[in-house]
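# Provided below for reference: sequence and predicted model.
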Amino acid sequence: MEITGKIIAALEPRGGVSQRTGNSWKTQEFVIETHEQYPRKCVFNVFGEDRLREFNIQVGEELTVSFDIDAREFNGRWYNDIRAWRVVRVDPNAVAAAPAAAPQPQAYAPQPQQPAAPAAAPQPEVAGGAAEDDLPF
């Protein structure tokens with residue numbers, strides 16, 4: 001999945017040592033806000049010190065973030081995990097031009113009155129009955 005928007009917050013990085021493998025780990029969460037009519041905010045995380053360095057996400061940047069969504073259970077409660085796997089920087093000029101290029105609502109313009117349709121042609125008479133009684137049943 002993808003989301004495009006502006007990074008509005010970078011939370012403190014967290015890290016530790018895996019009990020299972022003994023390797024150290026590092027993760028950081030970021031908040032992105034979309035540029036829709038009703039902007040939405042989404043928190044996503046980047047896992048791994050190497051990815052954090054590679055992505056180098058800064059507050060105020062315009063990004064397209066590709067992510068995976070997964071859920072996990074802990075003590076009877078479920079938690080969503082939105083993990084970024086690719087980050088692409090967006091040209092700020094393209095973002096500024098996008099709202100201007102959006103279609104503008106058009107004002108209602110009444111259409112000129114059309115002349116009334118000609119009267120319907122008379123129905124041909126059906127042999128043995130009236131025109132109203134032409135039903136097949």
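In hand now; what should we look at? Numbers count the residues shown, from 1 in each chain.

# which SSE is residue 73 in?
Assigned by DSSP states H and E, residue 73 falls within strand 62-74.

# beyond that strand, next helix or strand please.
strand 77-89.

# for the protein, just list every one of the helices.
Applying DSSP state H to the chain gives helices spanning 49-55, 92-101.

# what residues does the first one touch?
Spelled out, it's helix 49-55. By CB atoms under 8 Å, 6 or more residues apart in numbering, the surrounding residues in contact with helix 49-55 are 13, 15, 24-26, 28, 46, 84, 87. Where you see a C-beta, it was placed from the backbone N, CA and C, and this is true even at glycine.

# rewinding a little: least reliable of the helices of the chain going by mean pLDDT?
Here the helices of the chain differ in mean pLDDT, and the lowest is helix 92-101 at a mean of 59.

# that older thread, could you dump the contacts of helix 49-55 into CSV and include distance to residue 135, neighbour count and pLDDT?
Shown next, in CSV, are the contacts of helix 49-55 (distance: CB to CB, whole Å; neighbours: other CB atoms under 10 Å; pLDDT from 0 to 100):
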residue, distance to residue 135, neighbour count, pLDDT
13, 79, 12, 95
15, 82, 10, 94
24, 84, 10, 92
25, 79, 13, 93
26, 80, 16, 95
28, 75, 20, 97
46, 72, 23, 96
84, 67, 21, 95
87, 69, 20, 95
